[in-house]
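>>> Sharing a model that was predicted from the sequence below.
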Amino acid sequence: MSESLKTLIFLAVAVVMGGLAYVSRPAPATSAPEEEVNQPLFPEFTDPLQAESMKITRLDSDRGQIRRFEVANTSDGWQIKSKGGYPANATAHMAQAANSLVDLKVLRIVSDLPGQHAEYGVVEPNANAITTDDEGVGELVTIDDKSDKPLASLIVGAADKEDPQLRYVRVPGRDRIYLVRLDPTVFSTEFSDWIEKDLLQINPFDVASLRFRNHTMQAASENRITVLPQLDALVDFNAERSDWRLVSLKETSPKDPAQLADAQLPAGDKLNTEKLDEIRNSLDDLIIVDVYRKPEQLAEALKKGDGLKDVKQEDLPTLVSNGFFLYTLPGETEKHLLGLNGELVIETQDAIRYRLLFGKEVLGGDNKDQKQQFLFVQTELVEEMLPPPMLQEVPEIKEGEDQDIEAQAKAREKILQENDAAMTAYREKKNVATRTMIELNSRFADWYYVVKAEDVANILLKREQLGTPINQPTNQPSGVPGRAFPGGMGMLRPPGAQQPMTPPEATQEPTEEQPMDDKPAGEEPPKQDATPMEESADAPSEPMKSTEGTAEPAAEEKPAETEQAPDAAAQSDKPAENSSE
């Protein structure tokens with residue numbers, strides 16, 4: 001090939017590349033600056049009710065990720081698409097967001113120079129074009145109609161230094177920077193801003209009883225775990241008398257740390273009713289901060305209301321990775337799902353039993369260092385709270401000269417009607433409770449919930465908080481003579497009965513769609529290219545680790561909070577298959 005031909009080829013390639021760069025460059029504004037001032041930035045977007053979906057894209061510089069939040073109106077109602085389709089209370093929020101862009105007027109033209117995009121914070125958050133070193137990256141908001149046609153798209157940048165209510169913005173694909181009056185909080189990507197935050201939706205005054213089941217879990221030899229029970233306390237509340245009663249109390253047996261033994265409050269102590277009132281009222285404050293979708297077949301098994309009978313071996317890794325274990329308790333024959341950090345059982349006046357299993361703790365939230373805890377919620381029907389009515393005996397009509405047949409018939413008919421009314425009321429109450437239980441299981445079955453660890457602490461009961469001296473104010477807990485329960489659920493005891501764990505290789509490492517920063521506080525993350533990241537619930541958090549061959553024991557001070565808790569799946573000697581998740 002001659003040098004002349006090579007030169008021509010290089011020139012042709014240069015022309016093509018230059019043309020592509022020209023075509024793909026941000027377009028200049030099509031109108032003069034004076035024509036746009038005081039005019040709507042999106043003149044064709046006039047009806048906020050057209051908004052059927054919204055996507056928000058931003059750079060999470062701390063994690064080095066592009067994060068996307070998407071909410072859309074589907075055939076099943078509003079859902080957070082970036083969270084696996086979690087139901088959203090988005091009607092009012094979407095209207096507010098859409099209204100902020102309808103008739104959004106240009107106050108001033110700031111610049112037409114691409115070189116000033118970073119200065120005003122309107123660089124587009126594009127994973128292919130920016131890195132964590134880039135500055136001035138804005139937040140991209142796109143609102144679409146029901147056919148996915150964009151109604152408005154805007155890069156929201158920095159606030160004006162003189163008036164923080166004013167914002168610098170840019171339309172994607174254009175160089176021009178505008179100054180507008182805009183409240184960016186309407187484009188929140190906080191999960192809790194878009195959902196029904198009250199997880200349980202229990203009226204505290206409907207609580208009939210509370211059962212506190214505290215235990216610790218320890219790794220033992222040969223990939224086994226040991227559950228060491230600490231407390232099993234059942235209290236009920238009498239609404240008419242407005243008081244609490246201790247129904248039963250069991251503590252760790254002094255003879256066998258793997259067993260519970262019947263116990264009583266020490267002489268001179270009374271039930272700490274003030275603390276129980278605080279716990280009951282705190283149930284209303286248990287707020288969802290995040291969710292992760294469970295594997296479909298696990299969710300379907302839970303929706304049937306048969307407990308865990310249909311749970312498959314392949315479902316176990318996702319349970320274990322979030323701190324939930326199948327285990328046969330001493331003295332029982334069936335396996336139960338246990339939480340790494342214990343359980344709270346709530347029964348309500350409408351005959352619904354809530355099981356709250358507390359899983360592992362993680363660091364999360366927007367600031368990365370908020371203590372959060374995984375929560376597994378199940379509901380059951382409390383049959384014993386729905387006893388059939390005591391029906392009146394229906395007398396036979398007696399005949400004879402001295403018998404009033406008509407009066408007997410009327411009395412008999414009255415009894416039959418009263419019995420029928422009692423049975424109708426009983427069936428209706430049971431049907432309502434059954435429907436409620438099915439609806440709740442359908443709501444809870446699909447999700448691992450994440451709540452603030454401090455909210456969980458408010459509904460847990462330590463042993464020393466159960467009783468208080470009769471002559472002492474109830475808000476000052478007493479201890480039990482001769483016994484110590486440091487940290488309530490956090491104390492380690494000698495190992496007791498052991499059960500098999502699934503080998504470590506059975507647990508699949510999930511996709512880290514929401515990475516947790518395990519670095520010590522204050523350590524700077526490494527600089528890296530920003531990579532796209534959906535704020536999705538399709539994968540559980542990072543599984544708990546174990547050393548090869550033998551799971552590593554939990555730390556002495558806080559066994560229930562360690563990130564190195566045993567990576568076990570269940571009480572089966574067969575290894576669990578990797579989850580499809």
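Ah, there it is.

>>> hey, let's count contacts and neighbours off CA atoms from now on
OK.

>>> send the alpha carbons of stretch 371-384 over as CSV?
This file holds the C-alpha atoms of stretch 371-384, laid out as CSV (Å, rounded to 0.1, in the frame of the first residue of the first chain):
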residue,chain,number,x,y,z
LYS,A,371,-27.0,0.7,61.5
GLN,A,372,-29.8,-1.3,59.8
GLN,A,373,-31.3,-4.7,60.4
PHE,A,374,-32.9,-7.3,58.2
LEU,A,375,-36.5,-8.2,59.2
PHE,A,376,-38.6,-11.2,58.2
VAL,A,377,-42.3,-10.9,58.9
GLN,A,378,-44.9,-13.7,58.9
THR,A,379,-48.5,-13.8,60.0
GLU,A,380,-50.7,-16.6,61.3
LEU,A,381,-54.3,-17.0,62.4
VAL,A,382,-54.7,-17.5,66.1
GLU,A,383,-57.5,-20.1,66.2
GLU,A,384,-57.7,-20.1,70.0
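
>>> How about the contacts made by L182?
S100, L104, Q165, L166, R167 (CA atoms under 8 Å, 6 or more residues apart in numbering).

>>> Select from the residues you listed the one having the most neighbours.
Using other CA atoms under 10 Å as the neighbour test, the contacts of L182 are led by R167, with 22 neighbours.

>>> leaving aside the residues next to it on the chain, what's closest to it?
Once flanking residues are discounted, R167 sits nearest to A159: 4.5 Å by CA to CA, 6 or more residues apart in numbering.

>>> The one you found: how many residues sit nearby?
Considering only other CA under 10 Å, A159 is surrounded by 21 other residues.

>>> Please apply the same query to P125.
24.

>>> How about the contacts made by the nearest residue in space to L166 that is not next to it in sequence?
Sequence neighbours aside, R181 is the residue nearest to L166 in space, at 4.5 Å (criterion: CA to CA, 6+ apart). The contact partners of R181, by CA under 8 Å, 6+ apart, come to L104, K105, L107, Q165, L166, R167.

>>> thinking again about what came up before, quick one: the residue nearest to R167 from P125, how far?
17 Å (CA to CA, to the nearest Å).

>>> in the stretch 351-500 of the chain, what spans have low per-residue confidence?
365-367, 472-500 (pLDDT under 70).

>>> try it again with 80
364-369, 401, 471-500 (pLDDT under 80).

>>> so of the contacts of L182, which ones are in helices?
Judged by DSSP state H, helices contain the following of the contacts of L182: S100.

>>> just the contacts of L182 now: which is nearest A457?
Ranked by distance to A457 (CA to CA), the contacts of L182 are led by Q165 at 38.7 Å.

>>> ok, that closest one touching A158?
No. If you go by CA atoms under 8 Å, Q165 and A158 don't touch, sitting 10.4 Å apart.

>>> List the buried residues for the one helix or strand L298 maps to?
Assigned by DSSP states H and E, L298 falls within helix 296-303. For helix 296-303, burial by neighbour count (16 or more other CA atoms under 10 Å) applies to L298, A299, E300, A301, L302, K303.

>>> then whichever helix or strand comes after that helix to CSV, C-alphas only?
The helix or strand immediately downstream of helix 296-303 is helix 316-321, counting by DSSP H and E. Only the C-alpha atoms of helix 316-321 are listed here, as CSV (Å, rounded to 0.1, in the frame of the first residue of the first chain):
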residue,chain,number,x,y,z
LEU,A,316,-31.8,-21.5,51.9
PRO,A,317,-28.8,-19.4,50.7
THR,A,318,-30.9,-16.2,50.4
LEU,A,319,-32.3,-16.8,53.9
VAL,A,320,-29.0,-17.4,55.4
SER,A,321,-27.3,-14.4,53.7
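
>>> Now do the buried residues in helix 316-321.
L316, P317, T318, L319, V320, S321.

>>> ok, back up a step: now the residue nearest to R167, what are its backbone angles?
phi -80, psi 150 (degrees, to the nearest 10).

>>> what's near enough to touch the most centrally placed residue in the chain?
Nearest to the geometric centre of the chain sits Y449, at 2.5 Å (CA atoms, centre = their mean). Residues near Y449 by CA under 8 Å, 6+ apart: I288, V289, D290, V291, Y292, F374, L375, F376.

>>> Where does pLDDT dip in the stretch 101-250 of the chain?
For the stretch 101-250 of the chain (pLDDT under 80), the answer is 127-134, 218-225.

>>> what ranges do the strands span in the stretch 301-450 of the chain?
324-328, 335-339, 343-348, 352-364, 370-381, 447-452 (DSSP state E, counting those that start in this stretch).
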